[in-house]
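> kindly generate the corresponding structure for this input.
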Amino acid sequence: MKTKQILLDSRPKGTPTLETFKTETTELPELKAGEVLLQGLYYSVDPYMRGRMNDAKSYAAPFKVGEPIVGRTVAQVVKSQSPNLKTGDEVVGMFPWQEAFVASKDEVSKIDTSIAPASYYLSILGMTGLTAHLGLTIIGKPKAGETVVVSGAAGAVGMVVGQIAKIKGCRAVGIAGSDEKVRLLKEDFGFDEAINYKTTSNMQKAIAESCPDGVDVYFDNVGGEISDAVISNINFHARIPICGQISLYNSTEQPMGPRLQPLLLTRSALMQGFIIRNFSEQFQEAQKQLAQWVKEGKLKFTETTVQGFDQLPNAFLGLFTGDNVGKMVVKAK
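Numbering: from 1, shown residues only. The predicted structure follows:
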């Protein structure tokens, strides 16, 4: 059986382009015992993938030039040689960017679409939700009455962070890149305040005005000048979970900025980077909590869905121009 796949064709310097990717056809192997043939349904595109395009040491091995990009995918079982999975079952796992692929039973997790739509297992009930929940609660430790600021607040993780902050009794302030995203954060997702960084000339002042009692928790998804402005407003004993630095991923030179250590020192503040697998032992409990909040209507979510497997590169590039509200997913058909 032949199937289409999308490869990393070259390592980008700066912002990736469509020429970074290449589409080819490949032959799938025959199924062996314990394996399943899967058809991709939904594909996740995420900012962290940009880092894996570099040939550099990181928490995950770099993608190999000439091989498929790999990402989190929801798929349906087409044929099974596993007693645990049958035709029609829907599963999630880390799979290559292919329309169809073969995986072992140990590489897949069956999902329950009676709880939520299949795509939610790439977002609010998947790594996105877990990242928001565990990063905020374990590192941020929000307390009722505190102020939580979230950058990239209209993105997949940031949107959930702000809502969990509200569940915990905090004031939630989001930073986003358009007036429409600001409106959505406040009207649809319950943020107390939101700031459009693209139309704000003095972010440090805007943060101070939106956070009259200072910033107790800053959930950092973007880095750069936005984070410099937020951190200048932190309170004593503030906590700063670093989830992402999307403003810097395509930098070709070492960016310069304020030296933050004196502020962290004099405010007795904690800044800690994390990746979600740091908290793998808490996944099961956290996923149950997220599902319960969704069921109770305490957590809302939105997705930006791009139609067509061939659009995966375009959807990925759209992450860096703010095309998405919430989670960016590609629906295969």
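> identify the residues contacting Ile242.
Asp220, Gly223, Met271, Gln272, Gly273, Phe274 (Cβ atoms under 8 Å, 6 or more residues apart in numbering). Bear in mind the C-beta positions are built from the backbone N, C-alpha and C, glycine included.
> who wins on neighbours among these?
Neighbour count (other Cβ atoms under 10 Å) singles out Asp220 as the most crowded of the contacts of Ile242, with 24 neighbours.
> is that residue in contact with Ala238, as I believe?
No. Asp220 is beyond contact range of Ala238, at 11.5 Å (criterion: Cβ atoms under 8 Å).
> related to what we said a few turns ago, which of the contacts of Ile242 fall in strands?
Among the contacts of Ile242, DSSP state E puts Met271, Gln272, Gly273 in strands.
> okay, and the beta partners of the last one?
Residues in a beta bridge with Gly273, per DSSP bridges, are Ile242.
> against Ala229, how distant is it?
19 Å (Cβ to Cβ, to the nearest Å).
> same check on Ala238?
14 Å.
> report the residue ranges of every domain in this protein.
The record's domain parsing of the chain by automatic domain parsing lists 2-120+302-331, 127-277.
> and these as a markdown table, adding distance to Gln289?
Formatted as a markdown table, those follow (distance: least, Cβ to Cβ, whole Å):
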| stretch | distance to Gln289 |
| --- | --- |
| domain 2-120+302-331 | 13 |
| domain 127-277 | 7 |
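> how about those, which one is nearest Leu290?
Leu290 lies closest to domain 127-277 among the domains of the chain, at 4.6 Å (Cβ to Cβ).
> quick one: mean pLDDT over that closest one.
Confidence over domain 127-277 (mean pLDDT, whole number) is 96.
> end to end on that domain, go ahead and measure it.
Counting by Cα to Cα, to the nearest Å, you get 9 Å between the two ends of domain 127-277.
> ok now it, how far from the chain's centre?
15 Å (Cα atoms, centre = their mean, to the nearest Å).
> same thing with stretch 298-306?
Taking mean C-alpha positions (Cα atoms, centre = their mean), stretch 298-306 and its chain are 12 Å apart.
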